[in-house]
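> Sequence isn't available, so here's the structure alone:
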C-alpha cells in the first residue's frame, strides 16, 4: 500500500489542496491536471510513481478541493493560476522538479518552466498543447468567443460545461464503455455544479486565448532550454 497524504497549504491567502506521496528525498514530480477535473484524475497513477518519485499533485484554484473564491475576488486567468502553483512550489521548497502536464495543466506548467527553466528537470505532456496546429475544430465556438466576447457567444459555449459533455470526454472513442468508472465524471460534474463554477469556467475559456499568444514563448523555451520531454 502506498501512503498518500491529502494536504492543504495557505498560498497567498488561498487554501490549496494537494496530494503527496513518495520519499521526500526522491526526485520531485509535479502533476498538473486538466479541465474539468482535479488531482483526483491521478489517483491511480500516483501509486505507480511513488516508489521512485516524490509526487505532488495540486488542485488548481476553482477546481477540486482547492478554494473557489468569487470571481470579483480572484481573477480566473491562467497567469493567476500559475502564480498560485508557482508560490505553492516555493512554499513546499521544491527546488527542482519534473512536470507531468495534462490539458489545462499544460499552460500552467509551461508558464512555470519559462519562469524558472533552471528548476525543471523534465516534462511529460499528455494532450498538453503548445502549437496552434493542436487546436482542433472543436475550438471553433471558443475562438468565436475570443473574437467577439459577447453575451450571446459566451452562452453558446455553455454546452461545454454541461454534465453530458463531461461524460463525453470520458467515453468518446472508448469501444467498451463498461470499462469506464462513473466515479471520475460524476465527481467532475459535482464540482462543476457548485454555484458560480460555470461562470469561472467560462472566464477561463475566454482567457485561454492568452495561452495561444504565449505559444512562441513556450516554443523558444523548448528550443533553448531543451528539457527532456515526452509528448503522449
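Received the coordinates, thanks. Keep in mind that what you see is a predicted model, and the values were worked out from it rather than measured.

> wait, isn't residue 180 in contact with residue 170?
Yes. At 5.5 Å, residue 180 and residue 170 qualify as touching, with contact defined as C-beta atoms under 8 Å. Placement of C-beta: from N, CA and C, glycine included.

> Neighbour count for those two, which is higher?
When residue 180 is set against residue 170 and neighbours are counted by other C-beta atoms under 10 Å, the residue ahead is residue 170, at 16 against 13.

> got the contact list for the strand or helix carrying the more buried one?
When elements are assigned from DSSP states H and E, residue 170 belongs to helix 163-171. Applying C-beta atoms under 8 Å, 6 or more residues apart in numbering, the contact partners of helix 163-171 are 36, 159, 177, 180, 184, 185, 188, 189, 192, 193.

> what residues does the longest helix along the chain touch?
Counting residues, the longest helix found in the chain (DSSP state H) is helix 78-91. Residues from elsewhere that reach helix 78-91 (C-beta under 8 Å, 6+ apart): 9, 11-12, 14, 16, 18, 30, 32, 56, 58, 60-61, 74, 97, 104, 107-108, 111-112, 115-116, 119, 204, 207-208, 210-211.

> Check stretch 193-205 too.
When contacts are defined by C-beta under 8 Å, 6+ apart, stretch 193-205 is touched by residues 35-36, 62, 68, 70-71, 76-78, 104, 142, 145, 154, 157-158, 160-161, 163, 191-192.

> Mind checking which of the residues you listed are in helices?
Taking DSSP H as the definition of helices, the contacts of stretch 193-205 contribute 78, 142, 145, 154, 163, 191, 192.

> Distance-wise, check the last one relative to residue 35.
Put plainly, it is residue 192. Per C-beta to C-beta, to the nearest Å, residue 192 is found 10 Å from residue 35.

> Please point out which parts of stretch 85-101 sit buried.
The neighbour-count check on stretch 85-101 (16 or more other C-beta atoms under 10 Å) flags 85, 86, 88, 89, 92, 97, 98, 99, 100, 101 as buried.

> swap in stretch 59-78?
For stretch 59-78, the neighbour count (16+ other C-beta under 10 Å) marks 59-69, 74, 76-78 as buried.

> From the ones in helices among the contacts of stretch 193-205, pick the one nearest residue 50.
Nearest to residue 50 out of the ones in helices among the contacts of stretch 193-205 is residue 191 (C-beta to C-beta; 24.8 Å).

> Touching, that closest one and residue 36? I think so.
Yes. Residue 191 lies in contact with residue 36 (C-beta under 8 Å); the separation is 7.1 Å.

> Between those two, which contacts overlap?
By the contact definition C-beta under 8 Å, 6+ apart, residue 191 and residue 36 are jointly contacted by residue 63.

> Which one's more surrounded, those two?
Higher neighbour count among residue 191 and residue 36: residue 36, with 24 against 20, using other C-beta under 10 Å.

> Not counting sequence-adjacent ones, nearest residue to the more buried one?
In space, and not counting its chain neighbours, residue 36 is closest to residue 188: 4.9 Å by C-beta to C-beta, 6 or more residues apart in numbering.

> Now the residue most central in space within the chain. Nearest residue, chain neighbours left out?
Centroid-nearest residue in the chain: residue 105, 2.8 Å away (criterion: C-alpha atoms, centre = their mean). Once flanking residues are discounted, residue 105 sits nearest to residue 32: 2.9 Å by C-beta to C-beta, 6+ apart.
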